[in-house]
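S.K.: quick one: sequence plus predicted model below, questions after.
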Amino acid sequence: MISNGMKVLLAPVLAVLTLSQASAATPPAGPGQDFLSADIESSVKPGVDFFQYANGAWFQSHPIPPTETSYGIGTLVRDELFVTLRELNEGAATASAKGSAAEDERKIGDYWRAAMDTEGAGRLGARPLESQLAQIGAVKTRPQALDAAFDLMGMGVESFFQLYIAQDEKESGVYSIHVFQGGLGLPDRDFYVNADPSIASIRKAYVVHIARMLQLLGQEERSAASAAKAVFEFETTLAKASRKLEDTRDPEKNYTRISPKDLQRKRTPSIDWPVRLAQWKLAPAFVVAGQPEYLDKMDRALRNASVATLQNYLRYRLVTTYGEYLGGIFDDEDFDFYHRTLNGQKEPLPQWKRVLGGESAGNGNSAPNPIGMLVGRKYVEARFPEATKQRYVRLVHAIQDAYEERISHLDWMSDATRAKALEKLHAITLKVGYPDTWPDTSTLQIGAKSYCENMMQIQRWQFQHMLAYFGKPVDRTEWFMTPQTYNAYYNPTNNEIVVPASNFVIPGVEDAQIDDAVAYGYVGASTIGHEITHGFDDEGRKFDAQGNLVDWWTKQDAVGFDKRASVIVKQFDSYEALPGFHINGKASLGENLADFGGVELGLDAFRKTEQFRKGESIAGLTPLQRYFLGYALSWMVEIREEQLRKGLLSDVHAPARWRVIGPLSNVPEFYEAFGVTQGQPMWRAPADRAHVW
């Protein structure tokens, strides 16, 4: 939770999805049946709803389990990985219990033992947070409240705003300090202001949840209820001061350099920035303020709030950060709101799956769980052979070559811009599978007694790791995801794509069984082509080959790009994913451009393969059909209404169904492959189809 603001353009998160172990890696097909064609719902015409056509048979036999908020290919991949990851963790736990483990293995084992001791966590309750709660309880003034807030940042508790150190957008060779809007307990500002009854009911439940958490910390029921209302009103003030989701996506408009002294004098008189930063031994010439006007209003809210409200706000921020790790009644209350109410999850996952999910996750924004990186090193040794890595390294280069050809032949781009675009494309760093250099975790303190204390130590390690960036050369080799994370990202300031090993898995299918048509659609289009295109989407195109935020486009070409991109904005704005809730075409533009570009690049690269040239069908499916079905397989995800609604208001990614329907509706070869005709829902007139890259 150090930062959600770092300008990293992420691939779609195919959810933290898991099944029970018994159903893990369900084979997609029976004996003699093609694994791809087995999922087709033949009663649906491809031109009516290709998402349902490609995946409908699987959906019919796999309803969303009560332990899931969404269910699909990501679930199956994660469960297949979890079999190996659980064995690695349990093996380390056995060795650490016997005292025979080497240091890294001991840390893995002790982490696992503490995390799996749910009874012990329940007995401890909030005791791991005693010193922090005591500091908050002793607050008598607003400066003391800020003392507590800045101290809590060191253990991953975000309050009032986000503060993080990352590559400077305009000088990518150095790190700078960023201050970004934040401090909210609901997913995004719209949850505080949207008048829809379904969102209003979430707000009401949220206030009740805050009160319950404060009660669990020892407050009397009536006092906690009153305090919760005041905390919610304070957060609402922060939310109304925040920029809308789509307005945080312009890197130029979310970048303002200001000296720490001027930041205090002109924006936040309550915060002595030179002194606050000096406590971490930081003395920057400037900080990057993402949304300066937010800081003005945030400071005013700080001065207007009572000390008691600030105390309760900080108590809640602390306990909500660590609630799931405290176990027992705290974990139950955290689940009830954040999982059941907000996302529609009916039952919690088994503890071992929750632990593996948290251990393995990486969001591309900050250093991932260091335990996950230790386990990841063992995972790639066990599950990611060199031959598999090299296959996908070649695929990455094939996609890159396809993009070079596209840029070279664009009829709307001038030679001056084209030369810069090709320079940037050739400069992209391609990271595949796992890091060449693993992080140094020697200073990480892990014990076997408390899951919460271990998570606090991990957050402290991550914070110190981040502080150590400042004043040093940028480490361009670092990974912000574990190898077992089913996700990927493009980092514009590093001009790199990062594709972890787990992205190449199709559950129940050996890599040798995956024909190129499927591989180029499933991985080449949805992940590799998607990430490379991010370097040239509406945000990424504003960074040059070295990762600097600089305008390298001619004015005419920039206007031409925006005109073409507006077609996709309009297209996705028209999709009503739930009654009264449309996809936000502007907020999701970068991801929709990347999806569309990925499909085109994957197809261009696939055309050069032997399978495409031969044109032989497999299970009655042509190579072209298998390519598009492979792409649809990467989005084989059902989602609960609650999570779908949340994503529409707070996520820059369109829902899975429209990540298939939307881009394919613009691709002529899709019409050709499946005989899409005028009048069908996926048919778009040629003049209305997007054409960007």
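M.R.: Cool, got the structure.
S.K.: pLDDT averaged over stretch 179-193, what's the number?
M.R.: For stretch 179-193, mean pLDDT is 98.
S.K.: can you list the buried residues in it?
M.R.: 179-192 (16 or more other Cβ atoms under 10 Å). For the C-beta atoms, the positions are set from N, CA and C on the backbone; glycine is no exception.
S.K.: mind checking how far the spatially most central residue of the chain is from Trp635?
M.R.: Centroid-nearest residue in the chain, with Cα atoms, centre = their mean: Asn363, separated by 4.5 Å. Taking Cβ to Cβ, to the nearest Å as the measure, Asn363 falls 20 Å from Trp635.
S.K.: buried sites along stretch 570-589?
M.R.: Residues of stretch 570-589 classed as buried: Gln571, Phe572, Tyr575, Ala577, Phe581, Ile583, Asn584, Gly585, Lys586, Ala587, Ser588, Leu589 (neighbour count, 16+ other Cβ under 10 Å).
S.K.: what's the span of that stretch from first residue to last?
M.R.: One end of stretch 570-589 sits 10 Å from the other (Cα to Cα, to the nearest Å).
S.K.: can you list contacts of that stretch?
M.R.: Residues outside stretch 570-589 that contact it (Cβ atoms under 8 Å, 6 or more residues apart in numbering) are 196, 244-246, 249, 537-538, 565, 568-569, 592, 641, 644-645, 648-649, 651-655, 657-658, 661-662, 665-666, 684, 688, 690.
S.K.: which residue ranges of the stretch 401-550 of the chain form helices?
M.R.: 415-427, 451-467, 516-519, 530-534 (DSSP state H, counting those that start in this stretch).
S.K.: what's the most buried one of those helices?
M.R.: Of all the helices of the stretch 401-550 of the chain, helix 530-534 has the most neighbours on average by mean count of other Cβ atoms under 10 Å, namely a mean of 29.
S.K.: got any ranges where the protein has weak pLDDT?
M.R.: For the chain, the stretches flagged by pLDDT under 70 are 1-33.
S.K.: show me the strands in it, by range?
M.R.: All strands of the chain, identified by DSSP state E, fall at 9-10, 70-72, 161-168, 171-181, 256-258, 287-289, 429-433, 489-491, 496-500, 576-578, 581-582, 637-639.
S.K.: which of those sits most buried?
M.R.: Highest mean neighbour count among the strands of the chain (mean count of other Cβ under 10 Å): strand 489-491, with a mean of 27.
S.K.: may I have the distance across stretch 279-293, first residue to last?
M.R.: One end of stretch 279-293 to the other measures 25 Å (Cα to Cα).
S.K.: I meant to write stretch 541-556 there.
M.R.: Taking Cα to Cα as the measure, stretch 541-556 stretches 15 Å from start to finish.
S.K.: same thing with stretch 682-693?
M.R.: Note: stretch 682-693 ends 21 Å apart using Cα to Cα.
S.K.: ok, and for it, which residues are buried?
M.R.: Buried residues in stretch 682-693 (16+ other Cβ under 10 Å): Met682, Arg684, Arg689, Ala690, Val692, Trp693.
S.K.: of all these, which comes closest to Gly630?
M.R.: Nearest to Gly630 among the buried residues of stretch 682-693, counting by Cβ to Cβ, is Met682 at 17.8 Å.
S.K.: before we move on, the earlier item: what about the residue nearest to the centre of the chain, distance to Asn369?
M.R.: Plainly put, Asn363 is 11 Å away from Asn369 if you go by Cβ to Cβ.
S.K.: still on that earlier bit, closest one to Phe335 among the helices of the stretch 401-550 of the chain?
M.R.: Closest to Phe335 of these is helix 451-467 (Cβ to Cβ; 15.0 Å).
S.K.: ok and the closest one relative to strand 161-168, angle-wise?
M.R.: 40 degrees (axes from the mean of the first three to the mean of the last three Cα atoms, to 10 degrees).
S.K.: counting by contacts, list what helix 451-467 packs against.
M.R.: If contacts are counted by 3 or more Cβ pairs under 8 Å, 6 or more residues apart in numbering; DSSP states H and E, helix 451-467 sits against helix 103-116, helix 118-124, strand 161-168, helix 307-326, helix 370-383.
S.K.: what's the third one packed up against?
M.R.: So that's strand 161-168. Using 3+ Cβ pairs under 8 Å, 6+ apart as the contact test, the elements touching strand 161-168 are strand 171-181, helix 292-304, helix 451-467.
S.K.: at 7 Å what do you get?
M.R.: strand 171-181, helix 451-467 (3 or more Cβ pairs under 7 Å, 6 or more residues apart in numbering; DSSP states H and E).
S.K.: and for the first one, what's in contact with it?
M.R.: Pointing back at strand 171-181 there. Contacts to strand 171-181, defined as Cβ atoms under 7 Å, 6 or more residues apart in numbering, come from residues 5, 161-168, 242-243, 282, 284, 287-291, 294-295, 469-470, 474, 493, 546-548.
S.K.: from the chain's centroid, how far away is it?
M.R.: 20 Å (Cα atoms, centre = their mean, to the nearest Å).
S.K.: from Ala148, how far out is the residue nearest to Asp299 when sequence neighbours are not counted?
M.R.: Residue nearest to Asp299 in three dimensions, not counting chain neighbours: Thr268, with 4.2 Å by Cβ to Cβ, 6 or more residues apart in numbering. The gap separating Thr268 from Ala148 is 17 Å, by Cβ to Cβ.
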